[in-house]
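# coords please:
(one chain, ligands or ions: 1)
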Amino acid sequence: MGLSFGKLFLLILVLAVVWFGWRYFRVREKEAEIAAERMRQGGVVKAALREEAETMAPCRVCRTYVSANSAPCARADCPQR
Ligand SMILES: [Zn+2]
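Next up, the predicted model:
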């Protein structure tokens, strides 16, 4: 028998180490992916909120939130028009 119990045990040990190592790296990879995705989405949401806060303003006449650039209001049915 070329395959003794000791060699078989060592082979199983090596396979176990490789398996757990591979799984560990896969989990770490997935976690990093999820964290990056969350960070990206959070940044997008924050950027969108900031954009809205900067550019949106209520019309002085009809109080509808419209773009601050279209003064006083872009609404077609605004009483001011
Ligand atoms: Zn208006």
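# low-scoring stretches of this protein, by residue?
1-2, 51-54, 68-72, 80-81 (pLDDT under 70).
# tell me which helix or strand comes right after whatever helix or strand Phe20 lives in.
Under DSSP states H and E, the secondary-structure element containing Phe20 is helix 5-55. Beyond helix 5-55 on the C-terminal side, the first helix or strand identified by DSSP H and E is strand 56-58.
# what does that next one contact?
64-68 (C-beta atoms under 8 Å, 6 or more residues apart in numbering). Every residue, glycine included, has its C-beta placed from N, CA and C.
# next, see if that strand gets close to the ion.
No. Strand 56-58 is not in contact with the ion by C-beta under 5 Å from the ion; minimum separation 8.4 Å.
# just use 7 as the starting number from now, easier for me
Sure, I'll start counting at 7 from here, so that last one is strand 62-64.
# and that strand, which residues are buried?
Buried residues in strand 62-64, counted by 16 or more other C-beta atoms under 10 Å: Ala63.
# is the ion contacted by the very next helix or strand once past that strand?
Later in the chain than strand 62-64, the nearest helix or strand by DSSP H and E is strand 71-73. No. With C-beta under 5 Å from the ion as the measure, strand 71-73 is seen stopping short of the ion, the closest distance being 6.5 Å.
# give the pairing partners of strand 71-73; include direction for each.
strand 62-64 (antiparallel) (DSSP bridges).
# if we can go back for a sec, ok, the contacts of strand 62-64 vs the ion, which is closest?
Thr70 (5.4 Å; C-beta to the ion).
# tell me the SS of Cys79?
Here Cys79 is coil, with the state taken from DSSP: H, G, I helix; E, B strand; the rest coil.
# for it, which non-adjacent residue is closest in space?
Distance criterion C-beta to C-beta, 6 or more residues apart in numbering; nearest residue to Cys79, sequence neighbours excluded, is Cys65 at 3.9 Å.
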